[in-house]
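*Asks:* for reference, the sequence and a predicted model appear below.
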Amino acid sequence: MKKINKAQLKQLVEATLFVSDKPVSKLRLRETVLAEFQVSDKALNDVLKELVLDYQPRGIQLVEVASGYRFQSLDSLSPWLSVLWQETAPRYSRAMLETLALIAYRQPITRGEIEQVRGVAVSSNIMKTLTERDWVKVVGHKEVPGRPALYATTRTFLDYFSLRSLSELPSAEAFEKMVDAQIVDQPIQ
Amino acid sequence: MKKINKAQLKQLVEATLFVSDKPVSKLRLRETVLAEFQVSDKALNDVLKELVLDYQPRGIQLVEVASGYRFQSLDSLSPWLSVLWQETAPRYSRAMLETLALIAYRQPITRGEIEQVRGVAVSSNIMKTLTERDWVKVVGHKEVPGRPALYATTRTFLDYFSLRSLSELPSAEAFEKMVDAQIVDQPIQ
Amino acid sequence: MSEDQQAVIEEAERTGSEHNEPVQQPLPLAFINGEALIEKPQDLYIPPDALEVILESFEGPLDLLLYLIRKQKFDITSLPVAQITAQYMEYVEVMRTLKLELAAEYLLMAAILAEIKSRLLLPRRSDAPEDEEDPRAELIRRLQEYELVKQAAEDLDAQPRLERDVHAVQVAVHESVQPLRVEPEVSLQELVLAFSHAMKRAAAFEHHTIEREALSTRERMSLILSVVSASRYTPLEELFTVEEGKAGVVVSFLAILELVKEQLLICVQAGPYARIHVKLGSYEENQ
């Protein structure tokens, strides 16, 4: 068994904890990187304690979890680090857009009423997505059997579409006229 | 734009470099975690320099490679750290290394030109491996009969070999001298 | 040439010479053109098994030539073509006999060497231009270039490399880090189009008569619903905002009438001219 000085032991343990993709236990340290060295329990404990202290003021911390030691980012930095993992949600389905449109134009409206107009059931998922995005909220319950929730759009919805109020939503007829006019206006293309 | 003090900036940059699975450039830092903060170029450079120094005596180092900054284990520890992985790092054949070196030093270069210098055929397998590792890519086609593909090295190649740019390649100088000498020798071509 | 290959060759030379002790009649090394080749090539003797290893260790004719030049401690620039050609040919002959598939490149090089040799042997014509190129020049240039590539490959191999010499560090994020979800974008046009589709379909299927209502009224209906409660009566005047002016009051009034009609709101008045109160709920339920 070779000897290893404390500075080298600390570097080796530190590097091992860093390059491992899982938490590393003292046993695993002894079985792998430290296999050929003579290291007392005290020396190993001391080095780990020192490393925990060394990283206390830094952006990452050395913590002990069930299966060993691991480095992890400082929890107070989480709001900023989240930006590094961006998931782009898929585009909204036609069902989603129609439901949103019906809530916008016909609010307050129950899910049953939306289903009546669309002729198909509205999935709970759609209502959940629209609610989570804070575009739609429940403003009351209709006093009919079952007391179904009444949905309306939110201020966030208006802000997203740069509208001051719902009355600025273009009417469907006007919109179609506009589209038709564009087609007439641009016959050459 | 919010302000951020130097200690916080350092922690945030440090944590970002640690949690990222790829090297992180200053631009990427600014576009992600620092997006909402007002950070001068000097402040960012200072923090990075400090971090490089902070880790100099430690088991891991902060280095700059082609695509940004990355933390990596101290190379002198690799004999011990390598026991952590079941598989040993791949060894590359001389044919592969010579081909890679020619692409690195002489890019953009065609397969025919590589074969001319090496005096032997380059196996398709070598080109395939180099391309699959994302070390080499086709950057165009030479305007000669057959329009052969022109190969060049990638950022991944530089990152892998811990280089910031092609000018840091070992023996780059010898290559330049050789090329210059040839140009002088063959003025007629 | 790497140390490994050098070792293989040296080992081959050593065992080869032992094997070749003149105690017994030497076995023919190979048959060349039907004749037994007993004498070993001048510079070394390689046992057949090792030869294959060595052959594979050469990266082609240029590599082999470089090896021969280095072995004899010649200077590339003075390339003694006659000696090198002789040695090269011996190798090639042995290779050809032992290994059926000799890369064509080796034979091509043999031809090049023979050609250079013959050009050197020819007397220089008196009317030849002064600057006529040395026939060896092109080969010397290629050898120098190849040597450089060989060196570069070795240098590249010695370069600190990920996975082998250095290992990338990746630290786990604290569990409070949640991936940032980028929500899909929706344009106002898409929204209007979706509404128009839904209504058209409804009209086609159910001959629904769709009443036109001012959107501002529907918006106000939502607002009133979120203000009033089912358990407590709200004075009607609290639902009007004087600052909005007449138009605003009218919108609120229409919204209240619509909510009452849809049985979402109950209006009560204790007596003539008394205050009107509203609360959520339907009359039917309250009766």
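*Replies:* Received, thanks.

*Asks:* rest of the way, CA atoms for contacts and neighbours
*Replies:* Noted.

*Asks:* tell me where chain A has helices.
*Replies:* A:6-19, A:26-31, A:41-55, A:78-81, A:94-106, A:111-118, A:124-132, A:155-160, A:172-185 (DSSP state H).

*Asks:* the first one and chain C, any residue contact?
*Replies:* Yes. Under the criterion of C-alpha under 8 Å from any C-alpha of the partner chain, chain C is reached by helix A:6-19 at A:18-19.

*Asks:* can you pull the buried residues of that helix?
*Replies:* A:9-19 (16 or more other C-alpha atoms under 10 Å in any protein chain shown).

*Asks:* now the residues you listed as TSV including distance to chain B and pLDDT?
*Replies:* Shown next, in TSV, are these (distance: C-alpha to the nearest C-alpha, whole Å; pLDDT from 0 to 100):
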residue	distance to chain B	pLDDT
A:9	9	96
A:10	7	96
A:11	4	96
A:12	6	96
A:13	8	97
A:14	6	96
A:15	5	96
A:16	7	96
A:17	10	96
A:18	8	95
A:19	7	94
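
*Asks:* against which helices or strands is the strand or helix carrying residue C:138 packed?
*Replies:* Taking DSSP states H and E as the definition, residue C:138 sits inside helix C:137-158. Secondary-structure packing of helix C:137-158 (3 or more C-alpha pairs under 8 Å, 6 or more residues apart in numbering or on different chains; DSSP states H and E): helix B:94-106, helix B:111-118, helix B:172-185, helix C:61-71.

*Asks:* quick one: the first one to chain centroid distance?
*Replies:* Relative to its parent chain, helix B:94-106 has a centroid offset of 15 Å by C-alpha atoms, centre = their mean, to the nearest Å.

*Asks:* who's in contact with it?
*Replies:* B:109, B:114, B:122, B:126, B:130, B:136, B:151-153, B:166, B:172, B:175, C:59, C:149-150, C:152-154, C:156-157 (C-alpha atoms under 8 Å, 6 or more residues apart in numbering or on different chains).

*Asks:* tell me the buried residues within these.
*Replies:* Neighbour counting with 16+ other C-alpha under 10 Å marks B:109, B:114, B:122, B:126, B:130, B:136, B:151-153, B:166, B:175, C:59, C:149-150, C:152-154, C:156-157 as buried within the contacts of helix B:94-106.

*Asks:* tell me how the chain divides into domains.
*Replies:* If you meant another chain, say so; for now it's chain A. If you go by automatic domain parsing, the domain ranges for chain A are A:6-77, A:94-185.

*Asks:* please refer instead to chain C.
*Replies:* Per the TED database, the domain ranges recorded for chain C read C:48-121+C:134-155, C:217-280.

*Asks:* so the nearest residue to residue C:75 once chain neighbours are set aside versus chain B, what's the distance?
*Replies:* Setting aside the residues directly before and after it, residue C:75 is nearest to residue C:69 in space (C-alpha to C-alpha, 6 or more residues apart in numbering or on different chains), at 7.2 Å. Counting by C-alpha to the nearest C-alpha, to the nearest Å, the separation of residue C:69 from chain B is 17 Å.

*Asks:* residue ranges of the helices in chain C, please?
*Replies:* Using DSSP H, helices in chain C cover C:3-19, C:48-57, C:61-71, C:81-98, C:104-121, C:137-158, C:188-206, C:215-227, C:245-261, C:283-286.

*Asks:* pLDDT of the first one, averaged?
*Replies:* Right, helix C:3-19. Mean per-residue pLDDT for helix C:3-19: 49.

*Asks:* that's all I had, so thanks and see you.
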